[in-house]
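K.L.:
Generate a structure from the sequence data that follows.
(one chain, ligands or ions: 2)
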Amino acid sequence: MSKINLLVLLLLGTFLWQCQQPEPVNPDSVAIIPQPTEIQTGNGYFTLSPKTAIVFNSKDEEVASVAAYLQEVLQPATGFTLDTRSSGRRNVIQLVIDKSIVGNLGVYKLQSSPAKVEISAPDATGLFYGVQTLRQLLPVEIEQPTVQSGISWDIPSVTVFDEPRFQYRGLHLDVARHFFPVSFIKKYIDLLAFHKMNKFHWHLTDDQGWRIEIKSYPLLGEIAAVRNGTLIGHGGRPPFEYDNIPYGGYYTHDEIREIVKYAEARYITVIPEIDFPGHTIGVLAAYPNLGCTGGPYEVAKRWGVFDDVLCAGNEEVFTFLENVFLEVMDLFPSEYIHVGGDECPKTRWKACPKCQARMKTENLHDEDELQSWFMHRIEKFLNNHDRKIIGWDEITEGGLSPTATVMYWRGWMKDVPYEVAEKGNFMIMTPSSHLYLDHYQNDPEEEPMAICCFSDLENVYSYEPIPEGFTPEQEKLVLGAQANLWTEYMKTSEHVEYMAYPRAVALAEVVWTDKSLKNYDDFVRRLMVHLKRLDGMNVNYFDKEFR
Ligand code: ACM
Ligand code: ZN
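P.N.:
Ligands and ions are numbered 1, 2, ... in the order given. This is a model prediction of the structure:
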């Protein structure tokens, strides 16, 4: 062969070899929220086909259920029901338990190449989060509810190591002011899982409606769950105008068990809240003997804080609460039970002979101490059943129990987290300054009526859960953060979504991603892709202004 021919052959060979080399993945084409701890892009793509198999050790039931979940989420848009099996090397998505991977609970690795995708983690929790990342590596159409034609289901080659920053990553929902169907609660939970959140704080009781069936107190469902009308317009001051339409509903035990199970399969703990001693006028309407004056009482039709609260001097109140909590504990396996404790006026207690007598016998100096005594008594009951309490930050007033976890909400009370840290209690951050998603997210003139205030996407994103000046030891007391959705002004599920999203997406990054990796501009870049995924899930997010 001549030298020329050899050269041509060599060039041709190099050309052909290069043609077969997969293209490097453009890092900007990857948009995962929350941003993973480490991510490197490689070369080429793994393409999902009807022949792709999900491979895992079928003897491990938890892993098997993650595999089934993965199969289920990939099915609607692709139309593929992927085979699940225990071995296979190529064209597989492999789920592997690898105890040598260390990190915070939820840690996982994901490695994708043209031949296969491997998700590995020390436990099924991590595998589940790896699956959420996998979903976000696929084309956005993967979240559509029906078969999408003409899409190449490509997953870019990446190497991901990822772990959460905080152990408590929560979203709350008030179903007392407005009531939402089981189907919506499940969708809310699905969205939490998609964002690697793990706590659903379910605010089940309030002045305007009691929303959980309690078999031992049927009047809660008949009376406390129904109000005789709802305030029209924005209610701060009288005169109040009502629509006079009865409004009510509650979740049955069966529905609650179904939701708890649904959440559990998505690595989400449902934390029920039974709010007392305040925010209980609905209870008093059903059982007037539990109040200081004996009534009559009416389930609240407007929003706010009411003077009529559970009587602290009446033993029947404690019998009532203990029986309620026995049913609550039976329904909710959560180690934490939220006991409210917020916004309890002391007006009635000050004038009530029974409450005053209680203060004397218990040697309490003021009504704040009486509330603290009240909370401790129920806390002990719950502790005796191996549960722990979370209370709103008013539980710090009048003596904080050493074992209570404080949910910090009064953003204007800047000293509270420092006082809690001083005492050594755990805390969860939900400050009204950043994480109240019932606040306006845009110019009020352009928005449906909200309660007040302003907290846009960037404000939520900018939130740092660790208060300035905390020592490394104190940092460990901050379990995480949560955003709250109070629904006075949200009558429909669509409106709840509009207030929650995309601000809850920002929250997900606040609680998962390391502080050093946060970058609002890059978040907005990824969000623009992410919103297309939310479109597929039919999420009614706010999309007017993100900068
Ligand atoms: C609260 O917003 N009352 C906790
Ligand atoms: Zn009383």
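K.L.:
Near ligand 1, which residues of the protein? Just list them.
P.N.:
By the rule Cβ under 6 Å from any ligand atom, the part of the chain lying against ligand 1 is 342-343, 392, 409. Glycine gets a C-beta too; all of them are placed from N, C-alpha and C.
K.L.:
Drop the exposed ones from those and show what's left.
P.N.:
342-343, 392, 409 (16 or more other Cβ atoms under 10 Å).
K.L.:
Could you identify the pair within those that is furthest apart?
P.N.:
Longest distance between any two of these is 10.1 Å, between Glu343 and Trp409; criterion Cβ to Cβ.
K.L.:
any shared contact partners between these two?
P.N.:
Taking Cβ atoms under 8 Å, 6 or more residues apart in numbering as the contact rule, Glu343 and Trp409 both touch Trp392.
K.L.:
tell me the secondary structure for the nearest residue to Ile32 once chain neighbours are set aside?
P.N.:
Closest residue to Ile32 apart from its sequence neighbours, by Cβ to Cβ, 6 or more residues apart in numbering: Gln136 at 4.8 Å. Recorded secondary structure, Gln136: helix (DSSP: H, G, I helix; E, B strand; the rest coil).
K.L.:
can you tell me which residues contact Gln136?
P.N.:
Applying Cβ under 8 Å, 6+ apart, the residues near Gln136 are 31-33, 530, 533.
K.L.:
and what of Ala64?
P.N.:
Counting by Cβ under 8 Å, 6+ apart, the residues that Ala64 touches are 56, 58, 84.
K.L.:
Residues in a beta bridge with Glu118, which ones?
P.N.:
Gln94, Gln111 (DSSP bridges).
K.L.:
Next one: it relative to ligand 1, how far apart?
P.N.:
44 Å (Cβ to the nearest ligand atom, to the nearest Å).
K.L.:
now swap in Met537 and tell me
P.N.:
Counting by Cβ to the nearest ligand atom - Met537 and ligand 1 are separated by 28 Å.
K.L.:
count of neighbours near that residue?
P.N.:
Neighbourhood size, Met537 [other Cβ atoms under 10 Å]: 16.
K.L.:
ok, now Glu397?
P.N.:
16.
K.L.:
again, but for the one 3 residues further on
P.N.:
The local packing count at Leu400 equals 20, with neighbours defined by other Cβ under 10 Å.
K.L.:
Could you do Asn538 as well?
P.N.:
Neighbour tally, Asn538, other Cβ under 10 Å: 12.
K.L.:
right, and Ile281 touches Val299 too?
P.N.:
Yes. Between Ile281 and Val299 there is a contact at 6.8 Å, judged by Cβ atoms under 8 Å.
K.L.:
where do the contact lists of these two overlap?
P.N.:
Asp207.
K.L.:
ok, those two, which is more surrounded?
P.N.:
Using other Cβ under 10 Å as the criterion, Ile281 and Val299 rank with Val299 on top: 25 against 22.
K.L.:
Ile389 belongs to a strand?
P.N.:
Yes. Counting by three-state DSSP, Ile389 is found in a strand.
K.L.:
doesn't Glu335 make contact with it?
P.N.:
No. In this structure, Ile389 is not within contact of Glu335 by Cβ under 8 Å, at 10.3 Å.
K.L.:
quick one, helices of the stretch 401-547 of the chain?
P.N.:
Residue ranges of the helices in the stretch 401-547 of the chain, as given by DSSP state H, counting those that start in this stretch, are 416-423, 457-461, 472-475, 493-500, 503-512, 520-536.
K.L.:
want to throw these into CSV with distance to ligand 2 and mean neighbour count?
P.N.:
Converted to CSV, the helices of the stretch 401-547 of the chain look like this (distance: least, Cβ to the ion, whole Å; neighbours: other Cβ atoms under 10 Å):
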stretch, distance to ligand 2, mean neighbour count
helix 416-423, 27, 18
helix 457-461, 40, 20
helix 472-475, 38, 12
helix 493-500, 36, 20
helix 503-512, 39, 26
helix 520-536, 49, 17
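K.L.:
Buried ones in stretch 248-262, by neighbour count?
P.N.:
Counting neighbours by 16+ other Cβ under 10 Å, the buried set in stretch 248-262 is 248, 250-251, 255-256, 259-260, 262.
K.L.:
Indicate the residue of the stretch 151-300 of the chain located nearest to ligand 1.
P.N.:
His279 (7.8 Å; Cβ to the nearest ligand atom).
K.L.:
circling back: need the helices of the stretch 401-547 of the chain in TSV with distance to Asp308 and mean pLDDT, can you?
P.N.:
Compiled in TSV, the helices of the stretch 401-547 of the chain are given as follows (distance: least, Cβ to Cβ, whole Å; pLDDT from 0 to 100):
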stretch	distance to Asp308	mean pLDDT
helix 416-423	27	98
helix 457-461	35	98
helix 472-475	38	98
helix 493-500	28	98
helix 503-512	34	98
helix 520-536	42	97
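K.L.:
So for Asn104, which of those helices sits nearest?
P.N.:
Nearest of the helices of the stretch 401-547 of the chain (Cβ to Cβ): helix 503-512, 9.9 Å.
K.L.:
tell me the contacts of Phe318?
P.N.:
Counting by Cβ under 8 Å, 6+ apart, the residues that Phe318 touches are 377-378.
K.L.:
Could you list the buried residues of the helix or strand where Glu316 lies?
P.N.:
Glu316 is part of helix 315-331 when elements are defined by DSSP states H and E. For helix 315-331, burial by neighbour count (16+ other Cβ under 10 Å) applies to 317, 320-321, 324-325, 327-329, 331.
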